[in-house]
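> Here is a sequence with its predicted model. Questions after.
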Amino acid sequence: MNLLKTHDLTVGHGRPLISGINLEIGPGECILLCGANGSGKSTLMRTLAGVLPPLGGSFDGVPAVLIPTRIPKVGGFTLREFIRTSCYKESGWNGKLGDLAEKAIGQALDRLGLGPLAERDIATLSDGEFQKGCIATALVRLPAGDGGPGLILLDEPTAFLDVENRLQVLQTLRRITEGGKAALVFSSHDLADSTACATRILGIAPDGRLHDSRSEDKDALLRTCFPALDSR
């Protein structure tokens with residue numbers, strides 16, 4: 001079962017950044033997307049989430065949930081209220097959420113170990129705790145019941161985090177995919193910790209081609225996408 005399949009996909013802004021993408025993603029995968037600054041990581045994620053149109057080719061699969069990088073912590077919202085804002089499509093005419101949506105929020109909080117923090121103002125949370133809250137907003141939007149697994153795209157979820165919080169968030173990402181309830185693609189410049197967490201690596205090379213550790217040696221892939229590694 002594929003949650004996502006691309007067909008000679010090309011992405012970019014006016015000019016191509018990544019071309020010839022033929023990619024399949026299945027349930028249970030925790031995939032690192034890496035590449036140099038400006039290589040097209042965010043552009044690829046935004047295209048797969050339907051925010052940007054592709055420049056060529058096509059893709060199909062389940063709707064992907066995108067969590068952008070560095071969401072601001074705006075005071076005055078509890079963590080539960082913050083997560084509720086992501087469920088606007090489930091709200092009624094009066095802005096209230098139904099029982100199923102509230103249940104999904106509670107399950108997401110518990111799944112990420114955030115239950116005790118649910119009524120805390122998000123401005124008082126650590127960066128790592130808040131990043132887990134952002135991930136919870138993706139979990140509540142995954143297909144429920146017979147809808148099957150979903151796909152989450154996270155753009156730099158460990159950016160600006162200290163070592164302890166970064167490791168906690170990476171461990172959280174890996175746990176989410178266990179059991180095949182979801183697949184996850186996350187971008188990061190932190191190769192050491194992120195490659196250890198990932199079940200698979202996608203790397204964007206300087207020539208705009210996407211390399212996949214499913215069909216290539218991981219170390220060779222990283223050297224291709226980061227030529228400076230060969231000089232170390």
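Happy to help now that I have it. These figures come from a predicted structure and were not determined experimentally.

> how about low-confidence regions in this protein?
Residues of the chain meeting the criterion pLDDT under 70: 90-95, 144-148, 230-232.

> So in it, which strand runs the longest?
The longest strand of the chain (DSSP state E) is strand 4-13.

> That one packs against which elements?
If contacts are counted by 3 or more CB pairs under 8 Å, 6 or more residues apart in numbering; DSSP states H and E, strand 4-13 sits against strand 15-21, strand 24-25, helix 41-48, strand 56-61. C-beta coordinates here come from the backbone N, C-alpha and C atoms, glycine included.

> if we go to 6 Å?
For strand 4-13, the packing partners by 3 or more CB pairs under 6 Å, 6 or more residues apart in numbering; DSSP states H and E come out as strand 15-21, helix 41-48, strand 56-61.

> how about these in JSON lines, adding distance to Ala101?
Conversion of the helices and strands packed on strand 4-13 to JSON lines gives the following (distance: least, CB to CB, whole Å):
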{"stretch": "strand 15-21", "distance to Ala101": "34"}
{"stretch": "helix 41-48", "distance to Ala101": "25"}
{"stretch": "strand 56-61", "distance to Ala101": "24"}
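
> Which of these sits closest to Pro116?
Pro116 lies closest, by CB to CB, to one member of those: helix 41-48, at 31.2 Å.

> Contacts for the closest one, please.
Val11, Leu17, Ile18, Leu33, Gly35, Leu52, Pro54, Ala64, Leu153, Asp155, Ser187 (CB atoms under 6 Å, 6 or more residues apart in numbering).

> thought the last one was touching Gly35?
Okay, so that is Ser187. No: Ser187 is not in contact with Gly35 according to CB atoms under 6 Å; the separation is 8.1 Å.

> Can you show me the strands along this protein?
Under DSSP E, the chain gives strands at 4-13, 15-21, 24-25, 30-35, 56-61, 64-67, 150-154, 182-187, 200-204, 210-212.
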